[in-house]
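Colleague: give me the fold of what follows.
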Amino acid sequence: MTVKLHRKRMFIWALLLWCLSGCALAQSTFAEVKAQYTPSDAWLLAQNGEVLQQLRLDFSVRRLAWTPLEAVSPALLSALIYSEDKQFYQHSGVDWRAVAAASWRNLWSTRTRGASTLTMQLAGLLDEQADSRRTGRRNVLQKIGQGTDALWLDARWQKAEILEAYLNLVSFRGELQGVAAMSFGLFGKSPAALDARESALAAVLLRAPNVPPRRAAERACVLLKQLGASAQCADLEGFAALKLSPPYQIPAPDHAPHLARMLLKTAGQTVRSTLDADLQRYANQQLRANLMQLEHRNAQDGAVLVLDNQTGQVLAWVGSSGKLSSAPDVDAILAQRQAGSTLKPFLYGIALEKRALTAASILDDTPVRITTPNGLYVPQNYDKHFVGAVSLRMALGSSLNVPAVRTLLRVTPDVFQQRLMQLGFTTLKESGDYYGYSLALGSADVRLLDLTNAYRALANQGQWREVSGLVGKTAQPPRQVFTAQTAAIVADILADRSARHHTYGLDSVLSTHYWTAVKTGTSKDMRDNWCIGFSRRYTVGVWVGNAKGEPMHDVSGISGAAPVWVALMDYLHRRQDGLSVRSDPPPIPRGVVQRQIRFEPALEPPRTELFLAGTAQTVIRASGELGRARSDVQAASSMARISYPSTGVIIALDPEIPPARQRVVFKTSVVAGRGWRWVLDNQPLGEARQLTAWFPMPGQHLLVLQDAQGIAVDQVRFEVRGATMKTSEPHR
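Modeller: Alright, predicted model coming up:
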């Protein structure tokens, strides 16, 4: 009894001090409290102010943006005041009647009960905010301070401000703090849309935030009856079990997560980006729709980047396919992937600018074997076929591989690599020799961001400029990587649908009804698929593949990335605000001349061609063996070369196989012309059009392929190793 009496006396003294105290501890104004409030999330806005992405950055608590009182449901305000502070609008921060009643009850009961008003609770929240160590139940002196703070607040704040601050700072359940986080986290709606049942559940959580759902439903039902809404108690227990069980998922805009992670760094931050909200959503939709059609071909990832040519602003940034991806958090716009054929325009641009070639120059698309330190490099075309003699325009437009490699032999890998670095390819840091001749076919890893911006340089008359609106980059001045004349010729080739016919046909998906220049690319084993191109106003880059690096099944640039590219280009050039977004062919710059040309022999039809001033021709004559190519259906046979054996190959005889069964079959790349023949070690073997199976003899050998006039078209040196075998059969 002595302990109980002592506790009651202490309570009386504390109550007296509370009543007599006049020193307020809370000193913040409403404006200061609101300014100091920091949400746990950050927001990325589109250029029109629309929220595109909400990103959580503070994981210690879940707070959303500050909610004004007028955006809170009247039902919640009624439930809150009735449950927590019926005399809120009558008292001056402390409800003295409630204090007296609570004090009297506490004198005669071991189960104490408080009389805190909403204002006193707000004072406690502000106190905890000022001193994070001050949490949990308060002792008598702390209660006294809380009361004096409430008196100070009520004297200086409006009642509406007290309610608004309280609703934004109070914890409701789990990590959910503030009315917005509670409303979205528990009920999936804004605070303005809460009904009576939801409001009652929210109000009873204030006294016991983590009470079991069943107990919360019981208390909410009591409150609803007191508010005259007893009908809302029906099925309340099941409703509470559904809504009050974790996890508490807050619905939020999720249209640009990868760019948001790049731009948003601190909780509470709001960044207005250059993204076009409608375009961003459309790009997401088109990418996923196309990938769903390719699902049976093992293609599940993709990325889209849209740039404004003039400003460099990012209009769309889709870093992954979202739920379709096995690695949705990987930003494929910044990931390094093999470039495929997308680097060819820059290679040919160098050759044009150095005046080593023109757009009408005849290139050789026949098998080639290049000796490298790692062995023979034997490039092939995508379709495994060869065209023969072909102009540079056709070679680039149809993305033929062998002419590109032959062009790199002239340009050199080092020069090519250095120019690519000037174009902003940040990943190509090794020397040209490191990448070798396969660099012409895109064996190196690049980023979609760098690749798309490099094509933008072609759209901007050869001038490279940084993408604008991205953080964490050291600003670099613009640089003229190609002359305006070179960029114009390359762009004209990429826009020429007839130049694509060898690979894509005359009416491919790449053919738009407005002017565009475009290039596709596919990396080794179909692991990466690209479509990059530009109109007069926009540059669009699309990548399709798998984040894990798995190969796709029969997915080319036409079927993978191109449909998305075309859909976006069509969207960008639809009528907007009653005006058509035009994309007419760009004007021919000074220093570029047009000539009507013809080929001798007629390898390609006559056409109008673009030349750098001083390089123009009207009659294009092939030289050497290429000059003997015919324009009829047999022209391809005149381009035949030795495809087996290749130079430097070593053929080993097998002692386990009977000698009469061992033969070497000489092969040409295409069917040789009439009268062409094989000559081995200066001895004729027979016609090259017929199967020639030679009995291998150990030693060094020289094989020559001669045309009908006896002129050597191609030759290789090879070696046969093994024991000498005796046979009476002649060579054949």
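
Colleague: can you map out the helices along the stretch 401-550 of the chain?
Modeller: 401-411, 413-422, 432-435, 448-459, 484-494, 501-504 (DSSP state H, counting those that start in this stretch).

Colleague: looking at the last one now, give me its mean pLDDT.
Modeller: The predicted model gives helix 501-504 an average pLDDT of 85.

Colleague: got it, and the third one?
Modeller: Along helix 432-435, the predicted local confidence has a mean pLDDT of 89.

Colleague: among the helices of the stretch 401-550 of the chain, which comes closest to Arg677?
Modeller: Minimum separation from Arg677 across these (Cβ to Cβ) falls at helix 401-411, 24.7 Å. Glycine gets a C-beta too; all of them are placed from N, C-alpha and C.

Colleague: what helices or strands is the closest one leaning on?
Modeller: Helices and strands touching helix 401-411, by 3 or more Cβ pairs under 8 Å, 6 or more residues apart in numbering; DSSP states H and E, are helix 344-353, strand 362-365, helix 392-397.

Colleague: by mean pLDDT, show me the worst of those.
Modeller: strand 362-365 (a mean of 92).

Colleague: sorry, back to before: deepest of the helices of the stretch 401-550 of the chain, which one?
Modeller: Comparing the helices of the stretch 401-550 of the chain by mean neighbour count (mean count of other Cβ atoms under 10 Å), helix 448-459 ranks first with a mean of 25.

Colleague: so which elements touch it?
Modeller: Using 3+ Cβ pairs under 8 Å, 6+ apart: helix 448-459 touches strand 301-308, helix 344-353, strand 463-464, helix 484-494, strand 517-522, strand 528-534, strand 538-545.

Colleague: if we use 6 Å, what do you get?
Modeller: Under the contact criterion of 3 or more Cβ pairs under 6 Å, 6 or more residues apart in numbering; DSSP states H and E, helix 448-459 touches strand 301-308, helix 484-494, strand 528-534, strand 538-545.

Colleague: can I get these in a markdown table with distance to Val555?
Modeller: Output for these, formatted as a markdown table (distance: least, Cβ to Cβ, whole Å):
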| stretch | distance to Val555 |
| --- | --- |
| strand 301-308 | 11 |
| helix 484-494 | 22 |
| strand 528-534 | 6 |
| strand 538-545 | 7 |
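
Colleague: so which of the ones you listed comes closest to Ala360?
Modeller: Using Cβ to Cβ, the nearest of these to Ala360 is helix 484-494, at 10.6 Å.

Colleague: what is that closest one packed up against?
Modeller: Going by 3+ Cβ pairs under 6 Å, 6+ apart, helix 484-494 lies up against helix 344-353, helix 392-397, helix 448-459, strand 517-522, strand 607-612.

Colleague: quick one: that helix to chain centroid distance?
Modeller: 28 Å (Cα atoms, centre = their mean, to the nearest Å).

Colleague: who touches it?
Modeller: Contact with helix 484-494 is made by 345, 349, 352-353, 359, 393, 396-397, 458, 461-462, 499, 517-519, 589, 591-592, 610, 612, as judged by Cβ atoms under 6 Å, 6 or more residues apart in numbering.

Colleague: now, of the residues you listed, which are buried?
Modeller: Those of the contacts of helix 484-494 that meet the buried threshold are 345, 349, 352-353, 359, 393, 396-397, 458, 461-462, 499, 517-519, 592, 610, 612, by 16 or more other Cβ atoms under 10 Å.

Colleague: re the thing from before, redo the helices and strands packed on helix 448-459 as JSON lines? Include distance to Leu291 and mean pLDDT.
Modeller: Output for the helices and strands packed on helix 448-459, formatted as JSON lines (distance: least, Cβ to Cβ, whole Å; pLDDT from 0 to 100):
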{"stretch": "strand 301-308", "distance to Leu291": "6", "mean pLDDT": "97"}
{"stretch": "helix 484-494", "distance to Leu291": "25", "mean pLDDT": "98"}
{"stretch": "strand 528-534", "distance to Leu291": "11", "mean pLDDT": "96"}
{"stretch": "strand 538-545", "distance to Leu291": "7", "mean pLDDT": "97"}
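
Colleague: show me where pLDDT drops low in the protein?
Modeller: Across the chain, the ranges flagged by pLDDT under 70 are 1-27, 95-115, 130-145, 371-375, 383, 471-474, 575-580, 623-639, 669-670, 723-732.

Colleague: can I see the domain layout of it?
Modeller: 2-36+63-243, 304-580, 592-636, 640-721 (automatic domain parsing).

Colleague: any chance of those in JSON lines, with distance to His255 too?
Modeller: Formatted as JSON lines, these follow (distance: least, Cβ to Cβ, whole Å):
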{"stretch": "domain 2-36+63-243", "distance to His255": "18"}
{"stretch": "domain 304-580", "distance to His255": "9"}
{"stretch": "domain 592-636", "distance to His255": "42"}
{"stretch": "domain 640-721", "distance to His255": "51"}
